[in-house]
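Visitor: what follows is a predicted structure for the sequence shown.
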Amino acid sequence: MNLYILDSSLLDEFKQAVSDHDDFLINTYSNYNGKNLWSLICSAKDWLSVSVNSLPYIDLKHSHDDVRSLNVLQLITTYDIVLQSIEQLHRVFEMEHPLKKDDSVFNAAVPDDAFFAQIRAYFGAHPVDLRSADGTKSTDKYFASWSSDVGGNGDYSVYLYSNNPDVVQPIRFSISFIKIHEYAVKRYSLLSNIINVIEKKNGFFVEEQRRREIGRSSDVVEMLQVLLKENSIRIREHDGYHHDIQTLIELFTAPQDFPEQERQEVAQYLNSLHVLVDELYEAFQSMTFGEDGMAHGHLLYSRSSKFKGLHYDLEKVFEYLNNPYFRAEPVDYHLRRLISEGVLPPYVNRQMDKLDLQLLLLSRLVDLHET
């Protein structure tokens with residue numbers, strides 16, 4: 001097993017921070033000054049995961065020389081992926097990279113980042129097209145031998161040959177695994193700063209939204225339209241409570257083309273929904289969204305065990321109501337089942353307006369629900 005690994009718990013913390021605040025991150029960075037930086041965050045997260053989790057399995061002691069040489073390249077390239085990901089995340093969150101000019105690890109003639117780039121090139125990234133023997137600019141070209149752990153004063157070495165016949169050659173270049181690991185760890189550790197910035201930026205956003213008061217309207221549909229817009233701002237468009245608010249709008253705007261008795265029943269149901277509208281308002285205003293959903297969510301989603309034997313029928317009817325591509329004919333059977341069980345009145349059929357059917361069905365489910 002490779003000993004030169006990176007702390008996976010730091011990666012887990014980063015992934016958790018992204019997961020915990022994904023609504024904020026998607027809403028803010030999916031179109032940030034005209035660029036989709038959310039995709040960059042996801043790419044960096046994915047490749048950090050691939051790299052950190054794969055490092056323990058790079059075999060630096062393989063019995064075959066050629067395989068071992070490529071495995072050294074794999075180690076270096078894996079570190080490089082980590083470093084690129086960290087650097088890109090600094091750009092996304094507009095953070096100054098504190099180690100840009102750092103030279104404390106390799107103590108070379110150039111900063112550590114430039115020196116590591118040379119290591120990567122010498123040991124396999126592009127060993128047959130080199131422009132320097134020490135990281136500094138040169139008009140000569142250089143070509144590296146295969147890498148080996150035989151000879152040299154480090155863990156692995158290459159020999160550099162120049163296209164300039166006047167240059168003394170070959171030039172031996174050796175690396176220490178401990179040093180390149182130290183270099184990688186130092187930069188990988190910057191992920192903790194990125195986590196802190198994500199937490200801080202999300203906190204600023206939450207406080208900003210709490211201070212911004214949501215307007216109220218005595219018209220329930222207008223109020224729901226306001227909340228729909230706030231959902232797209234405070235959580236994100238087509239997510240969060242979007243479906244719930246859209247359903248409430250549909251319920252309050254249904255034509256109610258059915259007998260007076262049912263109109264009276266649904267009027268009581270619609271009146272009960274005002275408490276849900278108030279709950280949504282308070283959730284958006286306080287920026288507090290419970291993991292278990294809304295306290296009055298049962299007004300839209302019945303939890304009663306009384307309908308256990310009808311779950312499949314209800315599922316198919318709701319699919320018919322919400323999915324425009326659902327094949328309509330089979331729903332007749334499920335409507336008849338719900339009628340026979342007394343959930344729906346006898347006159348209900350597929351020709352009924354979908355909004356009316358939804359309103360009637362939800363009101364009946366709640367009426368039967370034991371609160």
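Guide: That came through, no problem.

Visitor: which SS state does the residue located most distally from the centre of the chain fall under?
Guide: Centroid-distance maximum for the chain: residue 166 at 55.2 Å, with C-alpha atoms, centre = their mean. Three-state assignment for residue 166 (DSSP: H, G, I helix; E, B strand; the rest coil): coil.

Visitor: now do the same contact list for it.
Guide: With contacts defined as C-beta atoms under 8 Å, 6 or more residues apart in numbering, residue 166 has no neighbours. In short, each C-beta sits where N, CA and C put it, glycine included.

Visitor: residue 228 now?
Guide: 242, 245-246, 249 are the contacts of residue 228 under C-beta under 8 Å, 6+ apart.

Visitor: swap the cut-off to 10 Å and go again
Guide: Counting by C-beta atoms under 10 Å, 6 or more residues apart in numbering, residue 228 makes contact with 237, 241-242, 244-246, 248-249, 280.

Visitor: same deal with residue 187?
Guide: 79, 82-83, 85-87, 97-99, 102, 105, 112-113, 116.

Visitor: reformat these as JSON lines; add pLDDT.
Guide: Shown next, in JSON lines, are the contacts of residue 187 (pLDDT from 0 to 100):
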{"residue": "79", "pLDDT": "98"}
{"residue": "82", "pLDDT": "98"}
{"residue": "83", "pLDDT": "98"}
{"residue": "85", "pLDDT": "98"}
{"residue": "86", "pLDDT": "98"}
{"residue": "87", "pLDDT": "98"}
{"residue": "97", "pLDDT": "96"}
{"residue": "98", "pLDDT": "96"}
{"residue": "99", "pLDDT": "97"}
{"residue": "102", "pLDDT": "96"}
{"residue": "105", "pLDDT": "97"}
{"residue": "112", "pLDDT": "96"}
{"residue": "113", "pLDDT": "96"}
{"residue": "116", "pLDDT": "96"}
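
Visitor: low-confidence ranges in the stretch 251-371 of the chain?
Guide: In the predicted model of the stretch 251-371 of the chain, residues 291, 303-305, 367-371 satisfy pLDDT under 70.

Visitor: and residue 174, what helix or strand is that in?
Guide: strand 171-175 (DSSP states H and E).

Visitor: give me the nearest residue to residue 87, chain neighbours excluded.
Guide: residue 97 (6.4 Å; C-beta to C-beta, 6 or more residues apart in numbering).

Visitor: returning to what we had before: of all the contacts of residue 228, which two lie farthest apart?
Guide: By the measure C-beta to C-beta, 237 and 248 form the most distant pair in these, at 17.1 Å.

Visitor: out of the two, which sits in the busier spot?
Guide: More neighbours surround residue 248 than the other of residue 237 and residue 248, with 25 against 14 (other C-beta atoms under 10 Å).

Visitor: quick check, that one in contact with residue 278.
Guide: No - counting by C-beta atoms under 10 Å, residue 248 stays clear of residue 278, with 11.7 Å between them.

Visitor: which helices and strands does the longest strand along the chain pack with?
Guide: Under DSSP state E, the strand in the chain containing the largest number of residues is strand 156-162. Contact partners of strand 156-162 among helices and strands, from 3 or more C-beta pairs under 10 Å, 6 or more residues apart in numbering; DSSP states H and E: helix 65-92, strand 142-144, strand 171-175.

Visitor: chain center to the second one: distance?
Guide: The gap between the average C-alpha position of strand 142-144 and the chain average comes to 42 Å, counting by C-alpha atoms, centre = their mean, to the nearest Å.

Visitor: for the residue nearest to residue 132 when sequence neighbours are not counted, give its distance to residue 154.
Guide: Counting by C-beta to C-beta, 6+ apart, residue 138 is the residue found nearest to residue 132 once chain neighbours are left out, at 5.0 Å. Going from residue 138 to residue 154 by C-beta to C-beta, to the nearest Å gives 22 Å.

Visitor: avg pLDDT for the strand or helix carrying residue 184?
Guide: Using DSSP H and E, the element containing residue 184 is helix 177-188. Helix 177-188 shows an average pLDDT of 98 in the prediction.

Visitor: for stretch 129-145, same thing?
Guide: Stretch 129-145 carries an average pLDDT of 88.

Visitor: so what touches that stretch?
Guide: 106, 108-119, 121-124, 126-128, 157-164, 166-167, 169-173.

Visitor: what's the answer for stretch 320-336, then?
Guide: With contact meaning C-beta under 10 Å, 6+ apart, stretch 320-336 is reached by 243, 246-247, 250, 310, 312-319, 343-344, 346, 348-350, 352, 354-355, 357-358, 361-362.

Visitor: any of these buried? List them.
Guide: 247, 250, 310, 313-314, 316-318, 343-344, 348, 352, 355, 357-358, 361-362 (16 or more other C-beta atoms under 10 Å).

Visitor: just the buried positions in the longest strand of the chain, please.
Guide: 156-162.

Visitor: over to stretch 282-302?
Guide: Under the neighbour-count criterion of 16+ other C-beta under 10 Å, stretch 282-302 has 283-285, 294, 296, 298-300, 302 buried.

Visitor: ok, which pair from those is furthest apart?
Guide: 285 and 302 (27.5 Å).

Visitor: identify the residues contacting residue 286.
Guide: Neighbour list for residue 286: 206, 209-210 [criterion: C-beta under 10 Å, 6+ apart].

Visitor: thank you, goodbye.
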